[in-house]
Structures are given as structure tokens and as C-alpha cells.
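1. Return a 3D structure for these sequence lines:
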Amino acid sequence: MDLLIPSTGLLFWMSLTFFVVLFILWKFGFPVITSMVSERKAFIDESLRKAHEANERLANIQKEGESILQEAREKQAQILKEAAETREAIVEQAQEKARQEGARLLDDARVAIEQEKKAAIADIRSQVAALSVEIAEKVLRANLKDNASQMDLINRMLDDVSAKN
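-> Numbers count the residues shown, from 1 in each chain. Model prediction:
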């Protein structure tokens, strides 16, 4: 029966030991444990606060990164637009130069053609005049073989000249 119901002396000593251990723990153990728990709680709270701040910073950095990327995209679009405008301006200038050069070459060709035409006409006139003189000379020689016909021609020419005056 001693196992199920302890004796009074044992109960006394067990109670006394319990209260002594409880007093020692209360006086020296619990304050240390509670201070360690509160330090641990403060450390955990500080770590959570730092983690929250780090998350906020990360979110801010991500926002800044997105804004920088957006700005870079806008600059890229602007640069591409300026490059396209510059390319179009260069192409337009090249086309304008080509048109001017073509017009100049066409004008030069017209002038050269006109000069060649005038030269050809002058050459043809001189050839026609030379041929006319040769033909007239041959005709006159054939018609004016004797002196009487020569005198008759001279008289007619003099009459024509005096009639015109």
C-alpha cells in the first residue's frame, strides 16, 4: 500500500523539496527563462520588422526597376523614332539630289542636242548653199555658152534690180 498512498513523512519531505525547488526556480530560474524568452521574442520581432522592411525595400526596388525599364523602353522607342525620321530625311535628301541631278543632266542633254541640231542645220545649210552654187554655176555655164545669152542675162538682172528700187 505504500506505493499507492505515500506516508505523511514522505509527503512532507516531497512537498518541502518541491517548494524549495519552486522557490529556487521562482527566484533564479524563471526570471532567466522569461528574460531569455522576452529576448528571443524581441529578436524575432526585430527580425520580422527587418524582414518586412526588406520586403518593402524589395518592392520599392522592383518598382524602381520597372520604372527604369519603362523609361529605357520609352528612350528606346524615341531613339528608334528619331532614327527612322533621320533615315527618312536622308532618303528624301538623296531622292531630291537624284531629281536635281537628273534634271541637270536632262537640261545638259537638251542643250547639247540643241547645239548639235544648230550645228547640223548650219552644216546642212552650208552644204545646200555649196550645192546650189555648184548647180547654178553648171546651169549658167550650160545656158550662157555664147556672148549674146550672157548679155541678155545681165540686162534682165539689171532690169530686176532697178525695178525693185
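2. CA only for contacts and neighbour counts going forward, please
-> OK.
3. what comes up buried for stretch 47-54?
-> Of all the residues in stretch 47-54, not one is buried under the rule 16 or more other CA atoms under 10 Å.
4. which residues sit against it?
-> Around stretch 47-54, nothing counts as a contact under CA atoms under 8 Å, 6 or more residues apart in numbering.
5. So for the helix of greatest length in the chain, mean pLDDT?
-> When the chain is parsed with DSSP state H, its longest helix is helix 30-143. Helix 30-143 comes out with an average pLDDT of 92.
6. What's the first helix or strand after that helix?
-> As assigned by DSSP states H and E, the chain's next helix or strand after helix 30-143 is helix 147-164.
7. where does that next one sit relative to the chain's centre, distance-wise?
-> Distance of helix 147-164 from the chain centroid (CA atoms, centre = their mean, to the nearest Å) equals 89 Å.
8. can you check stretch 86-105 too?
-> 19 Å.
9. Tell me, how many residues neighbour residue 114?
-> For residue 114, the count of nearby residues is 12 (other CA atoms under 10 Å).
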